[in-house]
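[1] Task: produce atomic coordinates for the following.
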Amino acid sequence: MKLPDSLRDQLKIPLGILLPIGQDNKRNIQKYLSDNSYIITVGDRTTEKLIDFDLIPSLQIIDGLEKRIKRDIIKLGDAFELKIDNPAAEITLQSIEIIKKAFTMNSPIRLTVNGEEDLLVLPVCIHAPENSVILYGQPNKGLVLIQITAEIRNKAQALLNLMK
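    The predicted model follows:
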């Protein structure tokens with residue numbers, strides 16, 4: 001499924017709560033977590049930040065890039081790694097199936113994407129367990145935090161349905 005140009009601006013709007021740069025600290029993130037939260041990170045910097053905070057994501061989705069520039073991963077810790085191909089501005093059916101599979105596995109799981117991981121937030125929102133909290137970076141703005149609800153699942157599915 002490819003991202004139509006008509007959806008690009010809409011996807012720049014955070015799907016959840018934006019913690020602005022400087023407020024995206026451990027204390028503010030923990031306000032949205034419970035003892036049994038299933039933490040999901042999408043993005044290299046976001047994943048690294050949570051691990052630095054000793055908040056180990058159950059599912060980590062990375063692509064080795066930040067703002068489309070190759071970056072070295074400093075510290076990610078141990079996780080079972082799955083690799084997928086997902087081209088920029090697309091969501092492949094293989095990516096959706098691997099995400100669904102990851103939710104059935106013992107965590108932590110790391111999906112290393114050959115391509116781009118940004119849009120995978122949508123299928124993650126749809127298929128994540130009930131107690132999930134998803135975090136992803138909003139370039140030059142901060143950290144977006146999504147608590148999974150029926151409303152979020154429906155919004156993500158509606159956006160996914162607009163992709164062809």
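[2] buried sites along the lengthiest helix in the chain?
    When the chain is parsed with DSSP state H, its longest helix is helix 150-161. By neighbour count with 16 or more other CB atoms under 10 Å, helix 150-161 contains the buried residues 152, 155-156, 159-160. All C-beta spots, glycine's among them, are computed from the backbone N, C-alpha and C.
[3] What of stretch 106-120?
    Result for stretch 106-120 [16+ other CB under 10 Å]: buried residues 107-113, 115-120.
[4] ok, residues contacting stretch 151-163?
    Stretch 151-163 has contacts (CB atoms under 8 Å, 6 or more residues apart in numbering) with 1-4, 6-7, 10-11, 15-16, 91, 121-123, 125-126, 146.
[5] Quick one, which of those are buried?
    Neighbour-count burial (16+ other CB under 10 Å) is assigned, among the contacts of stretch 151-163, to 1, 3, 15-16, 91, 121-123, 125-126, 146.
[6] which one of the residues you listed sits closest to residue 100?
    Nearest to residue 100 among those is residue 123, at 8.0 Å by CB to CB.
[7] quick one: that closest one and residue 99 touch, right?
    Yes: using CB atoms under 8 Å, residue 123 makes contact with residue 99 at a distance of 5.2 Å.
[8] For the buried residues of helix 150-161, give me CSV that also has pLDDT and distance to residue 87.
    Shown next, in CSV, are the buried residues of helix 150-161 (pLDDT from 0 to 100; distance: CB to CB, whole Å):
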residue, pLDDT, distance to residue 87
152, 97, 25
155, 96, 24
156, 96, 20
159, 95, 18
160, 94, 16
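[9] Show the subsequent helix or strand relative to the one helix or strand in the chain whose mean pLDDT sits lowest.
    In the chain, the helix or strand scored least confidently by mean pLDDT, DSSP states H and E is strand 69-70, which has a mean of 65. Using DSSP states H and E, the helix or strand that follows strand 69-70 in sequence is strand 80-86.
[10] CA atoms only for that next one, dumped as PDB, please.
    Taking C-alpha atoms only, strand 80-86 is exported to PDB below (Å, rounded to 0.1, in the frame of the first residue of the first chain):
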ATOM      1  CA  PHE A  80      15.000 -11.000  19.400                       C
ATOM      2  CA  GLU A  81      15.400  -9.500  15.900                       C
ATOM      3  CA  LEU A  82      13.200  -9.900  12.900                       C
ATOM      4  CA  LYS A  83      14.100  -8.200   9.600                       C
ATOM      5  CA  ILE A  84      11.600  -6.900   7.100                       C
ATOM      6  CA  ASP A  85      11.600  -4.900   3.800                       C
ATOM      7  CA  ASN A  86       9.300  -1.900   3.800                       C
END
